[in-house]
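Enquirer: need coordinates for the following:
(2 chains)
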Amino acid sequence: MSSIPTTVPAVDAEAPDDPSGGRGRRKAPRSERARAEARLGWWLAGPAFFIMVAVIFYPVLQAFWDSLFSYRLTAPEEREFVGLSNYGVIFSDPVFWSALGVTTLITVVTVFVELILGFMLAMVMHKAIKSTRGLVRTVILVPYGIITVVSAFAWYYMFSIDSGYINNWFSWVPGFDGQLNWFAQGGSALFVIMFSEIWKTTPFISLLLLAGLAQVPDDLSEAAAVDGASWWQRLWRVILPNMKAAIMVAVLFRALDAFRVFDSIFIMTNGAYGTEVLSLLAYRTSIGRLEIGLGSAISVVLFLLVGLLALIAVKGFNVDLAGGRGGRK
Amino acid sequence: MSTETLTPEEAEGQRRARRAKRNTSIGWWVITIVVAVWCLFPVASILATSFKTPGELSNGKFLPDNPSTSNYEEILVGDSQELFLSALWNSIGISIIATLIAVVLATLCAYAIARLDFPGKKIVLTVSLMVSMFPVISLVTPLFNLWRSIGLYDTWPGLIIPYLSLTLPIAIWTLAAFFQQIPWELEQAAQVDGATPLQAFRKVIVPLAAPGVFTTAIIAFFIAWNDFVYGISLTSTEAARPVPAALAFFTGASQFESPTGAISAAAIIVTIPVVLLVMLFQKQIVAGLTSGAVKG
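Expert: Residues are numbered from 1 along each chain as shown, chains lettered A, B, ... in the order given. Coordinates of the predicted model:
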């Protein structure tokens, strides 16, 4: 009895491989199959891949090429090769440095606040009791799905001196005269801009963190609780270290997203009073003033900065994006 | 009966457990209400503004004194009708087409990634990741120039093509994650049970894959619907200008009237589909966004 099971599977395994044939004959069809699979793979994945490459890489190369010329659409016949001097113009312009500073400020502040707020929301979504879970997740998805421009208008009208009521609501606060024109100076304008960005994009970061939270084994936290760890200790020693990958991915994605902030500022101040950011500067230079050469150079700088940020995150902090975002190999 | 057999201590313990449970439940409702107010307040604010008449805009209050639908009349049947309705039509058409193309191509691509072994699989995923992080504004200048010279400026295809750079990467990632969770052995099992390959695919795989494809379509649609940079840069007239761009350039029916009320009404109308989709498909959207995300 005991000898049969050991021999039967061996025969089974041999059967499909046609044991009468030689090794060489067996190898050819297998690699043929692999080749066919690779071909089919590229037939299926190819169209999506090549569209992405075409839509991104062609314009990037074109932008780099255009950035080497002095080129205005208002005077196209005067187009001439100027080498890297457009970049010289940018880097010696204080407007660029101020836009870079404001962009960085918005990125750092919003990502930091959103990480804390987003983690709290993720906790709420994760732990919510059954009767409120659906409701809580639905309302959190509303800012996620809403149009950024709509969100910008909502916050703008709330604070605006013409149609707002926030001044009225908070006029009791000592030292606040209730007549503040929020969009007439950089500080208060940036406050509202960042507020609206945080409202709109915290749900995204909280969903990424929720995914990480779901990866933390419950029994680990429970075991720590049994061992007498406080809630705070469990959070810092068990939960957060176990979702480090998720936090890194969330921060990187949001930081790159925040770095290209455009919509809210366009609506609220259009870059006035020191709220200019890099995206708006690029837009105004090329689409507004039709200076294709200079605008392309700003686009290239912005693209390189985003690339650098991603590189630092991936290499410096070991953010495993491919592994971390669900791709197996 | 059960209370009679319990000792007083046990009964007290049970009561305490029940009270604790009720307290956590009250606590959760409080938290839920706080979260709901935070998430819905700006929407409620612009909804309230949309019912204010021009005279009431500066009343300094959240609610209008005499709610009026005049703003909705202006954009739906009044002077700004043409401007808003054409923008709405552009937004709906362009977003849906960009979503459909992206979902069809991404389904094929994600199927290959999940099921087949081919060289360059990792490159496809890496490139789609790079594309999704790309600053959109960097593409606008060259596209603006190119579109003008080949006649795509201010047309639907002129927006649909760049929208694919927004919708394709997220669709590929989300679907690849979905497809990797499908138990593909079921397909062979069905064939062993006598189903033809086509039957096995249609009856077993399609029902398993359809929810993922559908969810991906919603997420991709949100992203296309939200676009602003391409919308203002690559269009100039009502021929292709989508709603977010039209809102930004809307100046009101006459120069003496503030556009605030009309913009608010238009903002509410374009928010309705978002709220409906979120209410109907909350579970699927959360699953889609989290499964496309970290897997540890």
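Enquirer: give me the low-pLDDT residue ranges for chain B?
Expert: Along chain B, segments meeting pLDDT under 70 span B:1-5, B:252-257, B:292-296.
Enquirer: of all of it, which residue lies closest to chain A?
Expert: When scored by CB to the nearest CB, chain B has B:Phe118 as its residue closest to chain A, at 2.9 Å. C-beta here means a position set from N, CA and C on the backbone, and glycine is covered the same way.
Enquirer: mind checking the SS state of that residue?
Expert: With DSSP: H, G, I helix; E, B strand; the rest coil as the basis, B:Phe118 sits in coil.
Enquirer: with adjacent residues omitted, what lies nearest to it?
Expert: Spatial nearest neighbour of B:Phe118, chain neighbours left out: A:Gly41 (2.9 Å); criterion: CB to CB, 6 or more residues apart in numbering or on different chains.
Enquirer: does that neighbour touch B:Leu116 like I think?
Expert: Yes. In this structure A:Gly41 lies within contact range of B:Leu116 using CB atoms under 8 Å: 4.2 Å.
Enquirer: those two: which is more packed in?
Expert: Using other CB atoms under 10 Å in any protein chain shown as the criterion, A:Gly41 and B:Leu116 rank with A:Gly41 on top: 22 against 18.
Enquirer: got a list of what the closest residue to B:Thr155 other than its chain neighbours touches?
Expert: Nearest non-adjacent residue to B:Thr155, counting by CB to CB, 6+ apart: B:Ala240, 5.5 Å away. For B:Ala240, the contact set (CB atoms under 8 Å, 6 or more residues apart in numbering or on different chains) comprises B:Asn90, B:Ile94, B:Asp154, B:Thr155, B:Trp156, B:Gly158, B:Leu159, B:Leu234.
Enquirer: are we agreed that B:Ala240 is in a helix?
Expert: No. In this structure, B:Ala240 is coil, not part of a helix, as judged by three-state DSSP.
Enquirer: look up phi and psi at it.
Expert: phi -140, psi 0 (degrees, to the nearest 10).
Enquirer: go on, A:Asn181?
Expert: The phi/psi pair for A:Asn181 (degrees, to the nearest 10) is phi -90, psi 100.
Enquirer: SS state for the nearest residue to it once chain neighbours are set aside?
Expert: Closest residue to A:Asn181 apart from its sequence neighbours, by CB to CB, 6+ apart: A:Ile161 at 4.7 Å. Here A:Ile161 is coil, with the state taken from three-state DSSP.
Enquirer: so which other helices or strands are in contact with the one helix or strand B:Val206 maps to?
Expert: Using DSSP states H and E, the element containing B:Val206 is helix B:206-226. Here helix B:206-226 touches helix B:81-115, helix B:156-181, helix B:260-280, helix B:282-291, going by 3 or more CB pairs under 8 Å, 6 or more residues apart in numbering or on different chains; DSSP states H and E.
Enquirer: and the ones you listed, which is most packed in?
Expert: Among the helices and strands packed on helix B:206-226, helix B:156-181 has the highest mean neighbour count (mean count of other CB atoms under 10 Å in any protein chain shown), at a mean of 24.
Enquirer: export the helix or strand just after it as PDB, just CAs?
Expert: Using DSSP H and E, the helix or strand that follows helix B:156-181 in sequence is helix B:185-192. Output of helix B:185-192 as PDB, limited to C-alpha atoms (Å, rounded to 0.1, in the frame of the first residue of the first chain):
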ATOM      1  CA  GLU B 185      -7.800  28.300 -11.300                       C
ATOM      2  CA  LEU B 186     -11.600  28.500 -11.400                       C
ATOM      3  CA  GLU B 187     -11.400  28.900 -15.200                       C
ATOM      4  CA  GLN B 188      -9.500  25.600 -15.600                       C
ATOM      5  CA  ALA B 189     -11.900  24.000 -13.100                       C
ATOM      6  CA  ALA B 190     -14.900  25.000 -15.200                       C
ATOM      7  CA  GLN B 191     -13.200  23.700 -18.400                       C
ATOM      8  CA  VAL B 192     -12.500  20.400 -16.600                       C
END
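Enquirer: how about helix B:185-192 and chain A, touching?
Expert: No. Figure legend: helix B:185-192 not in contact with chain A (CB under 8 Å from any CB of the partner chain); closest approach 14.1 Å.
Enquirer: first-to-last residue distance for stretch A:164-180?
Expert: Counting by CA to CA, to the nearest Å, you get 11 Å between the two ends of stretch A:164-180.
Enquirer: name the residue closest to the centre of the chain, please.
Expert: Since no chain was named, I'll use chain A. In chain A, the centroid-proximal residue (CA atoms, centre = their mean) is A:Phe253; its distance is 2.8 Å.
Enquirer: hmm, no, I was thinking of chain B.
Expert: B:Phe222 (2.7 Å).
Enquirer: just the strands in the stretch 101-250 of chain A please.
Expert: Counting by DSSP state E, counting those that start in this stretch, the stretch 101-250 of chain A forms no strands at all.
Enquirer: quick one, longest helix in the chain?
Expert: Because you didn't say which chain, this covers chain A. As assigned by DSSP state H, the longest helix anywhere in chain A is helix A:23-66.
Enquirer: I was thinking of chain B, sorry if that wasn't clear
Expert: Secondary structure of chain B per DSSP H: the longest helix is helix B:8-50.
Enquirer: elements contacting the helix or strand just after that one?
Expert: The first helix or strand that comes after helix B:8-50 along the chain, using DSSP H and E, is helix B:70-76. Helices and strands touching helix B:70-76, by 3+ CB pairs under 8 Å, 6+ apart, are helix B:81-115, helix B:260-280.
Enquirer: got a list of contacts for helix B:70-76?
Expert: By CB under 8 Å, 6+ apart, the residues outside helix B:70-76 that reach it are B:50-53, B:80-81, B:83-85, B:253, B:261-262, B:264-266, B:269.
Enquirer: check contacts around residue 52.
Expert: If you meant another chain, say so; for now it's chain A. With CB under 8 Å, 6+ apart, A:Met52 has these contacts: B:Val127, B:Ser128, B:Val131, B:Leu164, B:Ser165, B:Leu168, B:Pro169.
Enquirer: wait, I meant chain B there
Expert: Contacts here follow CB under 8 Å, 6+ apart; on that basis B:Lys52 touches A:Ser163, B:Asn59, B:Pro64, B:Pro67, B:Ser68, B:Asn71, B:Gly261, B:Ser264.
Enquirer: B:Gln181 too?
Expert: Contacts of B:Gln181 by CB under 8 Å, 6+ apart are B:Ser291.
Enquirer: that one and B:Ala171: what is the separation?
Expert: Using CB to CB, to the nearest Å, B:Gln181 is found at 16 Å from B:Ala171.
Enquirer: also A:Leu240?
Expert: Distance, A:Leu240 to B:Ala171, using CB to CB: 31 Å.
Enquirer: just B:Thr237 next, same as before
Expert: In this view, B:Thr237 and B:Ala171 are 30 Å apart by CB to CB.
Enquirer: now A:Glu80: phi and psi?
Expert: Dihedral angles (degrees, to the nearest 10) for A:Glu80: phi -140, psi 150.
Enquirer: just A:Glu291 next, same as before
Expert: Dihedral angles for A:Glu291 - degrees, to the nearest 10 - are phi -90, psi 90.
Enquirer: what's the weakest-modelled helix or strand in chain A?
Expert: Each helix and strand of chain A was given a mean pLDDT (mean pLDDT, DSSP states H and E); the minimum falls on helix A:3-14 at a mean of 34.
Enquirer: now for the contacts of A:Met52: which two are most distant?
Expert: Spanning the widest gap among the contacts of A:Met52 are B:Val127 and B:Leu164, at 13.3 Å by CB to CB.
Enquirer: can you give me the buried ones in stretch B:52-68?
Expert: B:Lys52, B:Pro54, B:Glu56, B:Leu57, B:Ser58, B:Pro64, B:Ser68 (16 or more other CB atoms under 10 Å in any protein chain shown).
Enquirer: picking up where we left off before, in JSON lines, list the contacts of B:Ala240 along with distance to A:Gly83.
Expert: Formatted as JSON lines, the contacts of B:Ala240 follow (distance: CB to CB, whole Å):
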{"residue": "B:Asn90", "distance to A:Gly83": "41"}
{"residue": "B:Ile94", "distance to A:Gly83": "39"}
{"residue": "B:Asp154", "distance to A:Gly83": "33"}
{"residue": "B:Thr155", "distance to A:Gly83": "35"}
{"residue": "B:Trp156", "distance to A:Gly83": "39"}
{"residue": "B:Gly158", "distance to A:Gly83": "32"}
{"residue": "B:Leu159", "distance to A:Gly83": "34"}
{"residue": "B:Leu234", "distance to A:Gly83": "29"}
